[in-house]
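S.K.: sequence first, then the predicted structure, then my questions.
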Amino acid sequence: MSSTPILETVDVRKEFGNLVAVDGISLEFYTDETVGIIGPNGAGKTTFINLISGVLPLTDGQILFAGDDISDLKRYKRVRRGLVRSFQIPQIYDELTLRENIQSSILSRKQENNRLFTPTDREEESLQEANELIETFNLEAHADEHTEHLPHGVRKVLDVAMSFALEPQIMFLDEPTSGVGSKEKNDVMETITQAADEQNIGLVFIEHDMELIREYSSRTVALHEGRVLLDDEPDAVFNSEEVNEFILEGGV
Ligand SMILES: Nc1ncnc2c1ncn2[C@@H]1O[C@H](COP(=O)(O)OP(=O)(O)OP(=O)(O)O)[C@@H](O)[C@H]1O
């Protein structure tokens, strides 16, 4: 593991009225790992990611990105720094092809969105970059198709490829395989984790499918009632009595 965390949460807390959804979570994340977050319904998983990405303000605590306090930073500024959450990316435009969608994401990073179809050098550059991403994510077969009719799993991978176009250092995914057929789930996860690994992008994903967590996370964080129950290698987490009692037996 690299020595400096790219992201650190310090005693992060979120209250909704009287309800404490996140109750003091302190965790470190690194660019060379894939972290799986598990926990029963209502454990605070999505809220935690919402706090990190800036969708929700903190009630208390701190978020550090590469050592800088970003607790009050606006969402888009976090994205610019390299903290990307999958659903935050520009939506998939069904009237565009898959390649054009990736290009639009690249151009939004370059803040040249309005010039997508003008023949500029930037467009050439973005085309080349889009083609590289298409190759990285094994999307060649669908590159020139309009995205409307793409299989769900391909749309999910496209979604992540578009996030990669924003040049993240760490990326958060909330159930990246939801709605994907069971046969396709492994392909989707394999593609995403390999791409992140190749580009040294930290990956953090929430997942209810425990087999995917076991297979694809290098570290597993178990949350329960807004707190960290365990943060360890997947085997250690799945063999823990506490995790079995509070999470696995109750279903996630
Ligand atoms: N915007 C909100 N306003 C009020 N309460 C909320 C809000 N968002 C989440 N909660 C509550 O906070 C708690 C944590 O919810 P959260 O969605 O983070 O859990 P989760 O672990 O992601 O659950 P799931 O696996 O069901 O998605 C729950 O009790 C939920 O009802």
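M.R.: Right, received. Where do you want to start? Source: prediction; values computed, not measured.

S.K.: centre of the chain to stretch 147-154, how far?
M.R.: Distance of stretch 147-154 from its chain centroid, counting by Cα atoms, centre = their mean, to the nearest Å, is 19 Å.

S.K.: and it, which residues are buried?
M.R.: Thr147, Leu150, Gly153, Val154 (16 or more other Cβ atoms under 10 Å). Every C-beta, even on glycine, is put in place using the N, C-alpha and C of the backbone.

S.K.: list just the nearest of those residues to the ligand.
M.R.: The shortest approach to the ligand among the buried residues of stretch 147-154 belongs to Gly153, at 21.0 Å (Cβ to the nearest ligand atom).

S.K.: can you give me the neighbour number for Ala168?
M.R.: Actually, residue 168 is Pro. It isn't Ala. Using other Cβ atoms under 10 Å, Pro168 has 24 neighbouring residues.

S.K.: meant to ask about Asn18
M.R.: Counted with other Cβ under 10 Å, the neighbours of Asn18 add up to 5.

S.K.: use 14 as the first number from now on
M.R.: Taking 14 as the first residue, the last one we looked at is Asn31.

S.K.: if I look at it, how far off is Arg240?
M.R.: From Asn31 across to Arg240, the span is 17 Å (Cβ to Cβ, to the nearest Å).

S.K.: on that earlier part again, which of the buried residues of stretch 160-167 sits closest to Ser16?
M.R.: Nearest to Ser16 out of the buried residues of stretch 160-167 is Gly166 (Cβ to Cβ; 36.1 Å).

S.K.: ok, which stretches of the protein are strands?
M.R.: 20-29, 32-42, 47-51, 73-78, 81-82, 96-98, 183-187, 215-219, 232-237, 240-245 (DSSP state E).
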